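Engineer: Model the structure of this input:
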Amino acid sequence: MRTSVLDFTGCVEKEDFYDRIIDALDLGVGYCGRNFDAIYDFSRTEIIPDRIEIRGADKLSGYLEMICLKRLVSTLEDIKKYYIKRGRVFEYEIID
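Structural biologist: Next comes the predicted model:
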């Protein structure tokens, strides 16, 4: 099982938030769009890690905490459901 770490420590900009997600999922920063629809779409066509450990989520504030983090969790749940239907494994865990 291939695991990747998504670390939000020190993240204060929306663009950086997206870039860290895209990097952790191996979708290619500069290739995948910086929005959750693009991240979801690319996760269906690209090979992504089987497991994501999310770190530094407890350090996010403002818009990143209230909106982006919630949308990230929703998107990861959608990816997980998509993978389950196809007999593949995708897990994520918020460590801190």
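Engineer: ranges for the strands of this structure?
Structural biologist: Assigned by DSSP state E, the chain shows strands spanning 3-7, 51-55, 91-94.
Engineer: Between strand 3-7 and the second one, find me the angle.
Structural biologist: Pointing back at strand 51-55 there. Counting by axes from the mean of the first three to the mean of the last three Cα atoms, to 10 degrees, strand 51-55 lies at 20 degrees to strand 3-7.
Engineer: Please report how far the residue with the largest distance to the centre of the chain lies from residue 76.
Structural biologist: For the chain, the largest distance from the centre (Cα atoms, centre = their mean) belongs to residue 87, which lies 20.2 Å off. With distances taken as Cβ to Cβ, to the nearest Å, residue 87 is found 18 Å from residue 76. The C-beta positions use only the backbone N, C-alpha and C, and glycine is treated the same way.
Engineer: among the strands of the chain, which is nearest residue 66?
Structural biologist: Smallest distance to residue 66 across those (Cβ to Cβ): 15.5 Å, for strand 91-94.
Engineer: in its sheet, what does that closest one sit against?
Structural biologist: Using DSSP bridges, strand 91-94 pairs in its sheet with strand 51-55 (parallel).
Engineer: Run through who's touching the strand it pairs with.
Structural biologist: 1-9, 24-25, 76, 89-96 (Cβ atoms under 8 Å, 6 or more residues apart in numbering).
Engineer: Would you mind listing which of the residues you listed are buried?
Structural biologist: 4, 6-8, 24-25, 76, 90, 92, 94 (16 or more other Cβ atoms under 10 Å).
Engineer: would you list those in JSON lines and tack on pLDDT?
Structural biologist: Formatted as JSON lines, the buried ones among the contacts of strand 51-55 follow (pLDDT from 0 to 100):
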{"residue": "4", "pLDDT": "96"}
{"residue": "6", "pLDDT": "97"}
{"residue": "7", "pLDDT": "97"}
{"residue": "8", "pLDDT": "97"}
{"residue": "24", "pLDDT": "94"}
{"residue": "25", "pLDDT": "91"}
{"residue": "76", "pLDDT": "97"}
{"residue": "90", "pLDDT": "95"}
{"residue": "92", "pLDDT": "96"}
{"residue": "94", "pLDDT": "96"}
